[in-house]
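>>> What follows is a predicted protein model with its sequence.
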Amino acid sequence: QVQLVESGGGLVQAGGSLRLSCAASGRTFYMYAMGWFRQAPGKQREFVVAISNSGRRTSYADSVKGRFTISRDNDKNTVYLQMNSLKPEDTAVYYCAAWRGQGLPIRVGSQEEYNYWGQGTQVTVSS
């Protein structure tokens with residue numbers, strides 16, 4: 001069992017930056033690929049980005065490429081999402097998720113691939 005706790009959300013103006021963190025419990029964090037998803041009001045949850053268990057591979061949604069950066073620190077059991085050049089359309093609840101395995105899941109953008117989820121953190125970008 002892995003417990004995930006997100007933090008770092010908040011209110012920011014368009015063009016600003018935020019850094020989200022997701023802390024995982026236990027001693028097996030290095031065995032999990034990690035993903036970030038988001039859900040805007042009235043919309044389905046969507047994939048944002050994922051990072052392999054080693055940190056060597058990443059996958060980004062087109063909508064965030066060049067603006068968001070995912071990283072992880074396996075010694076601290078934490079994955080980060082640096083979000084720059086934020087837009088109002090980035091407003092959503094952001095969730096981190098864990099997939100146990102090497103590399104990235106085949107269907108990296110599919111919620112069904114991920115075994116554990118956090119409770120989410122709200123990000124609001126004002127125009």
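Thanks, I have the structure now.

>>> Which strand residues bridge the residue most central in space within the chain?
When CA atoms, centre = their mean is applied to the chain, the residue found nearest the centroid is Trp36 (2.2 Å). Counting by DSSP bridges, Trp36 is bridged to Val49, Cys96.

>>> contacting residues around it?
For Trp36, the contacting residues are 20, 22, 48-50, 70, 79, 81, 94-97, by CB atoms under 8 Å, 6 or more residues apart in numbering. C-beta coordinates here come from the backbone N, C-alpha and C atoms, glycine included.

>>> Tabulate the residues you listed (TSV), appending distance to Gln3.
Rendered in TSV, the data for these read as follows (distance: CB to CB, whole Å):
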residue	distance to Gln3
Leu20	17
Cys22	11
Val48	21
Val49	21
Ala50	19
Ile70	20
Val79	14
Leu81	18
Tyr94	17
Tyr95	13
Cys96	11
Ala97	12
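
>>> Next, give phi and psi for Tyr30.
Dihedral angles of Tyr30 (phi, psi; degrees, to the nearest 10) stand at phi -70, psi -10.

>>> Can you tell me the closest non-neighbouring residue to it?
Asn74 (4.5 Å; CB to CB, 6 or more residues apart in numbering).

>>> Wait, that neighbour touches Met31, no?
No: Asn74 lies out of contact with Met31 (CB atoms under 8 Å); the separation is 9.6 Å.

>>> Spell out which residues are contacts of both of these two.
With CB under 8 Å, 6+ apart applied, the contact sets of Asn74 and Met31 do not overlap.

>>> for the host helix or strand of Ser71, which positions count as buried?
Under the criterion of DSSP states H and E, Ser71 resides in strand 68-73. For strand 68-73, a neighbour-count test (16 or more other CB atoms under 10 Å) marks 68-70, 72 as buried.

>>> same thing with stretch 73-81?
By neighbour count with 16+ other CB under 10 Å, stretch 73-81 contains the buried residues 77-81.

>>> Nearest to Asp62 among those residues?
Set against Asp62, the nearest of these by CB to CB is Leu81 (16.3 Å).

>>> could you give the angle of the host helix or strand of the closest one to strand 68-73?
With secondary structure defined by DSSP H and E, Leu81 is part of strand 78-83. Between strand 78-83 and strand 68-73, the angle comes out at 160 degrees (axes from the mean of the first three to the mean of the last three CA atoms, to 10 degrees).
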